[in-house]
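Asker: Give me a model of this one.
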Amino acid sequence: MRFQTPIRSKQLLLAAAILSFAIALFQAVLSFSPSLSRFFGAGELAANPLLLLVAGLAATMVFAVFGLYALAGASTIRRLPLLRTGLVAIVVIYALRGLFLLPDLLVMAGVLPSPEPVPSQALLSSLVALAAGVLYLLGTVASWKRLQPHAGA
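Answerer: Numbers count the residues shown, from 1 in each chain. Presented below is the predicted three-dimensional model:
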C-alpha cells in the first residue's frame, strides 16, 4: 500500500483532525459530568467538580490544538508554527497512550496478573488513541516533504 499521493495524505490528516475534534468534544462533555467522568476512569478527580471542569477543559483545548495541527498538515488552514515537529509530537503522544492497550490485553488474556478486570472503556480509549496515532503517523509520513518549512519561513 502506498501513501504518496497528496490527496490521500491530506485525507489521512483530515480524518486525524476529525478524530481529535471528536475526542475534544467528548472530553468537554466529560468535564461537566462527574458521574460520566468517574465511569471513564477519572477517579478522585471526579469528586471535585471545579477541578474536573478545569482539567477537562484544559484537555479539551489540547485535543482541539491537535486537530488544528492536523488541519494545517492537510493544508486546510494556514500553516502553524513547528508543523512537522508538532505532528510528530502528536503521533508520539497518541501512540504512547494507545500502547496502553497491550498490557490491558495481556491482563485480559491472563498473561499478566491484575487484581481487577480491565474495564471496556479503558480498551476503547486505548483503541481510539491508537487509531488517532496511526492516522497522524500515516498522514505525516505521506506529507513529510510537502510539510517542509519554506525558505525564509
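
Asker: How many neighbouring residues does residue 72 have?
Answerer: By other Cβ atoms under 10 Å, 20 other residues sit near residue 72. For the C-beta atoms, the positions are set from N, CA and C on the backbone; glycine is no exception.

Asker: Is it correct that it is in contact with residue 83?
Answerer: Yes - counting by Cβ atoms under 8 Å, residue 72 touches residue 83, with 5.6 Å between them.

Asker: what's the overlap in contacts for these two?
Answerer: Common neighbours of residue 72 and residue 83 are not found (criterion: Cβ atoms under 8 Å, 6 or more residues apart in numbering).

Asker: dump the residue contacts of residue 103.
Answerer: Contact analysis of residue 103 by Cβ under 8 Å, 6+ apart lists residue 112.

Asker: After the helix or strand encompassing it, heading C-terminal, what element do we hit next?
Answerer: Using DSSP states H and E, the element containing residue 103 is helix 101-108. Helices and strands here follow DSSP H and E; after helix 101-108, the next one along the chain is helix 120-143.

Asker: Quick check: which helices or strands does that next one pack against?
Answerer: helix 6-31, helix 49-73, helix 83-98, helix 101-108 (3 or more Cβ pairs under 8 Å, 6 or more residues apart in numbering; DSSP states H and E).

Asker: pLDDT on the shortest one, on average?
Answerer: This points to helix 101-108. Mean per-residue pLDDT for helix 101-108: 88.

Asker: and what of the first one?
Answerer: For helix 6-31, the mean per-residue pLDDT is 93.

Asker: how distant is that helix from the center of its chain?
Answerer: Remark: helix 6-31 is offset 8 Å from the chain centroid, using Cα atoms, centre = their mean, to the nearest Å.

Asker: Indicate which one of the helices and strands packed on helix 120-143 is closest to residue 135.
Answerer: helix 6-31 (3.9 Å; Cβ to Cβ).
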